[in-house]
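[1] coords please:
(one chain, ligands or ions: 2)
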Amino acid sequence: MKILVIGGGGREHAVIKTIKKNPEVTTVYALPGNGGIAADAQCFPVKATDLDGICAFVKEHSVDFAVVTPDDPLVLGLVDRLEALGVPCFGPKKDAAIIEGSKIFSKNFMKRHHIPTAAYETFESAEDALNYLKNSRYPTVIKADGLALGKGAVIVGSFKEAEETVKSMMVDKVFGTSGTKIVVEEFMEGPEVSVLSFTDGETIVPMVSSMDHKRAQNGDMGLNTGGMGTVAPNPCYTKEIAKECMEKIFLPTIRGLKEEGRTFQGCLYFGLMLTKEGPKVVEYNCRFGDPETQVVLPLLKSDLLSVMRAVRDGKLGEMNVEFSEKYACCVVMASKGYPQKYDTGYEISLPKTGEGEQIYIAGAKKEGDLLKTSGGRVLGAVALGDTLYEAIQNAYALSDKIHFANAYRRDDIGARALKAEEK
Ligand code: AMP
Ligand code: GLY
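    Ligands and ions are numbered 1, 2, ... in the order given. This is a model prediction of the structure:
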């Protein structure tokens, strides 16, 4: 089988390596992939948002199945286009991907279906937003309606900060049209949990839970990033909480989408906060999370491609999806200065990986035989363990053997999870 994977980050590298475990897979194409992914797939320089370019590619190359991973092509309707060309896809169609594409849609959707989330108001003019924010309690949270590279949510501590944020989103348009409408929502407190799930719109199978580390510096300080590391499972997410989430959040979400004619088939990501009043939705994503995927897929015992095909065919209910009892940790190695200014072009030296170890490349390019840094997040060092502690130790031991100039990582990935385990 010839498989096409859209995207070019660490998450896509994890998807590709996992799909390749299926012996029926003969070829994997990645658009655009990256210098590290090139070791596992044939990469072509077509951008994930170049829908015409991708459609032209599938007309030239026979593709048996496509996996669309990043948010923007999903929200733009790439799955609809590929399916219309006869290519079966893993990933939601445009009308279901809106659950991530518009925060206003997702908040109104949760209200319609009584799904617990932060209280909110939506605004289409800066003046109305500021009038409301004058009398708000702080901190509060301001979110751009559309996609904003994961940077569209800002926690503001005062009216002055709120004014600056509204101005930058709605007047200066730092996120382009994504910020012409905004959501202002209640600030929630509690541990955060990421739950990725497979769903064909009828059946939903949550994967093992995980914990992201979004801030750049140790101790959850510094700027928000795309994610500096992850652990799975997340010790805060107990069996009781999982049951409550299934009843109050997961099932109402897929049923609500179906009822509204937006049947979701693909990976539905629930960003949850475990508040004193119970679990609430922080956000939905219409795709695999990055770097959550890098710890979740190594724990999947079932064949990923078979599960993805069952999701596409509406037959997930016939599958038995199994996960290992082990733990996983991913330590992201970034370029110093990320998420702001950083230099690239440094040679990367990688060790041989052993049993239970993976290196997923996110930002690297090939120059001759050399692999060189080309992005902010360069790679994820992933390792398994029989305990959370062991997985963390193993991931750092693997990361210690990876070298490139100006490398930067957090030293406390999993520390919060270990603390939560003690309780
Ligand atoms: P989002 O882009 O909606 O995923 O938000 C990014 C991050 O901002 C989340 O992972 C949370 O850490 C934080 N956040 C978003 N919404 C809230 C909220 N209502 N209360 C507290 N923190 C939030
Ligand atoms: N790790 C968060 C995300 O993928 O959006």
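[2] and whichever residue of the stretch 201-350 of the chain sits closest to ligand 2, what element?
    Evaluated by CB to the nearest ligand atom, the stretch 201-350 of the chain has Gly289 as its residue closest to ligand 2, separated by 3.4 Å. For every residue, glycine as well, the C-beta is placed using N, CA and C. Secondary structure assigned from DSSP states H and E places Gly289 in neither a helix nor a strand.
[3] is it true that it touches Val195?
    No - counting by CB atoms under 8 Å, Gly289 stays clear of Val195, with 9.5 Å between them.
[4] shared neighbours, these two?
    Ser210, Tyr269 (CB atoms under 8 Å, 6 or more residues apart in numbering).
[5] which residues does His13 contact?
    Counting by CB under 8 Å, 6+ apart, His13 touches Asn34, Gly36, Ile37, Asp40, Tyr360, Ile361, Ala362.
[6] need the residues you listed in TSV with neighbour count, pLDDT and distance to ligand 2, can you?
    Output for these, formatted as TSV (neighbours: other CB atoms under 10 Å; pLDDT from 0 to 100; distance: CB to the nearest ligand atom, whole Å):
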residue	neighbour count	pLDDT	distance to ligand 2
Asn34	25	98	17
Gly36	25	97	19
Ile37	27	98	18
Asp40	19	98	21
Tyr360	28	98	14
Ile361	29	98	17
Ala362	28	98	12
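[7] which among those residues gets closest to ligand 1?
    After measuring the contacts of His13 against ligand 1 - CB to the nearest ligand atom - the closest member comes out as Ala362, at 19.3 Å.
[8] ok, the closest one touching Asn34?
    Yes - counting by CB under 8 Å, Ala362 touches Asn34, with 7.1 Å between them.
[9] what sits in contact with each of these two?
    Common neighbours of Ala362 and Asn34, using CB under 8 Å, 6+ apart, are Gly9, His13, Gly375.
[10] near ligand 2, which residues of the stretch 201-350 of the chain show up?
    Applying the criterion CB under 6 Å from any ligand atom, the portion of the stretch 201-350 of the chain that neighbours ligand 2 consists of Asp212, Gly227, Asn285, Gly289, Asp290, Glu292.
[11] can you give me the pLDDT of Gly266?
    pLDDT, the model's per-residue confidence, is 98 for Gly266.
[12] next one: Thr165
    94.
[13] could you pull out the strands for the stretch 1-150 of the chain?
    Assigned by DSSP state E, counting those that start in this stretch, the strands in the stretch 1-150 of the chain fall at 2-7, 27-32, 42-43, 65-68, 89-90, 120-123, 140-144.
[14] most widely separated two among the contacts of His13?
    Largest separation among those by CB to CB: Asp40 and Ala362, giving 13.6 Å.
[15] the strands in the stretch 151-300 of the chain, which residues?
    Assigned strands in the stretch 151-300 of the chain, in chain order: 153-156, 182-186, 192-199, 204-206, 211-212, 215-217, 221-224, 229-232, 266-275, 278-285 (criterion: DSSP E, counting those that start in this stretch).
[16] can I get those strands in JSON lines with mean neighbour count and distance to Val296?
    What follows is those, written out as JSON lines (neighbours: other CB atoms under 10 Å; distance: least, CB to CB, whole Å):
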{"stretch": "strand 153-156", "mean neighbour count": "18", "distance to Val296": "22"}
{"stretch": "strand 182-186", "mean neighbour count": "22", "distance to Val296": "27"}
{"stretch": "strand 192-199", "mean neighbour count": "23", "distance to Val296": "6"}
{"stretch": "strand 204-206", "mean neighbour count": "19", "distance to Val296": "10"}
{"stretch": "strand 211-212", "mean neighbour count": "24", "distance to Val296": "11"}
{"stretch": "strand 215-217", "mean neighbour count": "17", "distance to Val296": "21"}
{"stretch": "strand 221-224", "mean neighbour count": "12", "distance to Val296": "21"}
{"stretch": "strand 229-232", "mean neighbour count": "30", "distance to Val296": "6"}
{"stretch": "strand 266-275", "mean neighbour count": "22", "distance to Val296": "10"}
{"stretch": "strand 278-285", "mean neighbour count": "20", "distance to Val296": "13"}
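[17] how about a markdown table for the ones you listed, with distance to ligand 1 added?
    Putting those into a markdown table (distance: least, CB to the nearest ligand atom, whole Å) gives the following:
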| stretch | distance to ligand 1 |
| --- | --- |
| strand 153-156 | 3 |
| strand 182-186 | 5 |
| strand 192-199 | 6 |
| strand 204-206 | 18 |
| strand 211-212 | 7 |
| strand 215-217 | 9 |
| strand 221-224 | 7 |
| strand 229-232 | 13 |
| strand 266-275 | 5 |
| strand 278-285 | 4 |
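[18] doesn't Ile249 make contact with Phe270?
    Yes - in this structure, Phe270 is within contact of Ile249 by CB under 8 Å, at 6.4 Å.
[19] what sits in contact with each of the two?
    Where contact means CB under 8 Å, 6+ apart, the residues bridging Phe270 and Ile249 through contact with each are Val281.
[20] hang on, the earlier thing: restrict the shared contacts of Ala362 and Asn34 to those near ligand 1?
    Residues shared between the shared contacts of Ala362 and Asn34 and the neighbourhood of ligand 1: none [CB under 6 Å from any ligand atom].
[21] can you tell me which of the residues of the stretch 201-350 of the chain next to ligand 2 lies closest to Val332?
    Using CB to CB, these come closest to Val332 at Gly227, 6.6 Å.
[22] grab the nearest non-local neighbour of that closest one.
    If the residues on either side of it in the chain are set aside, Gly227 comes closest to Pro291, at 4.6 Å by CB to CB, 6 or more residues apart in numbering.
[23] and this protein, which residues reach ligand 1?
    Within the chain, the positions near ligand 1 by CB under 6 Å from any ligand atom are 118, 141, 143, 152-153, 155, 185-188, 192, 214, 271, 282-283.
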